[in-house]
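>>> Sequence first, predicted model second:
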Amino acid sequence: MLKPRALSDVLSQANTGGVGSTLLLNSEGSLLAFSGFGDKDASAAGAIASNIWTSFQKSGQLSLDDSKLDCVLVECKFGKIAITKVANLLLCLCSDENVSFGMLKTKITAMSSYLEEPLSQIASS
Amino acid sequence: MTEDLKSYLNKQMATVDNLHAIAITDRDGVVIVKVANQMAPDTALRQAFLSVFGIMTEQASKMGIGNNSKIINFYDRFQTVQINSHPLLLHFIADRDANTGLILELEHALADVLQDISKVVTMM
């Protein structure tokens, strides 16, 4: 079964070099696990990130020759966010504005590859 | 004048390998000007697809990290780079393996064009 403490420790490994928090969300946008600092409302950000993912996923299927969404990178004035799918969940990295997109994408890709197998086992059980 | 604009956009599009379309729209996704080659899916240049960014950029601006400026989507075969340049939206559609950095740089190359079109849109 899922060990919340161990999962949080794994997520915290991404929280270096400007990456402030890492979130794991279910398909409905509810927060499953969180690791990070700051007083921001992670559950609200997670819900919006989930909505962004779902909207672009649907529009890509309809308008881009049935393409499958792989990764979303969002840049705002004071920070950046990366979102990707892992098993049947969403992984979200939040960083400050100085972190480059390349680093954010590399981190989220590495973390999703690492978590894919264990979280897929949970999903199928 | 529209032909000059399209010609300029086509030239910019040619500077990035596997970039298939550039579109400038208003905040509702209504196309103001667009250029595309045969590789760009027709459906991706319609309001139904382009308007999604208009809605999502507003949502992303509520995440507590300031106003949204860009959203980049990587699909299995395509990538979309969409830029919020109020009151306009700038959309690029490219292959998955196109150079995202070069596409992002095109925002600066198109800054004057966007400013000129913005004046017209704001007047209306």
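All right, it came through fine.
>>> Roughly how far does residue A:12 sit from residue A:20?
From residue A:12 across to residue A:20, the span is 11 Å (C-beta to C-beta, to the nearest Å). (Glycine included, C-beta is placed from N, CA and C.)
>>> Could you name every residue contacting both of the two?
residue A:36 (C-beta atoms under 8 Å, 6 or more residues apart in numbering or on different chains).
>>> Excluding sequence neighbours, find me the nearest residue to whatever residue of chain A ends up closest to chain B.
Distances between chain A and chain B by C-beta to the nearest C-beta are smallest at residue A:77, namely 2.9 Å. Leaving out its chain neighbours, the residue that sits closest to residue A:77 by C-beta to C-beta, 6 or more residues apart in numbering or on different chains is residue B:66, at 2.9 Å.
>>> which SS state does the residue lying farthest from the centre of chain B fall under?
Centroid-distance maximum for chain B: residue B:64 at 24.3 Å, with C-alpha atoms, centre = their mean. Under DSSP: H, G, I helix; E, B strand; the rest coil, residue B:64 falls in the coil class.
>>> what's it sitting at in phi/psi?
phi 90, psi 10 (degrees, to the nearest 10).
>>> My read is that it contacts residue A:43, right?
No: the pair residue B:64 / residue A:43 is not scored as a contact, 11.5 Å apart, by C-beta atoms under 8 Å.
>>> Which strand or helix spans residue B:90?
strand B:88-95 (DSSP states H and E).
>>> Could you pull out the buried residues of that strand?
Within strand B:88-95, the residues that qualify as buried by neighbour count (16 or more other C-beta atoms under 10 Å in any protein chain shown) are B:88-94.
>>> ditto for stretch A:24-41
In stretch A:24-41, counting by 16+ other C-beta under 10 Å, buried: A:24-25, A:29, A:31-36, A:40.
>>> Okay, residue B:114 and residue B:105: tell me how far apart.
On the measure of C-beta to C-beta, residue B:114 and residue B:105 end up 14 Å apart.
>>> More neighbours: these two, which one.
Ranked by neighbour count (other C-beta atoms under 10 Å in any protein chain shown), residue B:114 and residue B:105 place residue B:114 first, with 18 against 14.
>>> Check the residue of chain A positioned farthest from its centre and give its pLDDT.
Distance from the C-alpha centroid of chain A peaks at residue A:65, with 24.8 Å (C-alpha atoms, centre = their mean). With respect to pLDDT, residue A:65 scores 91.
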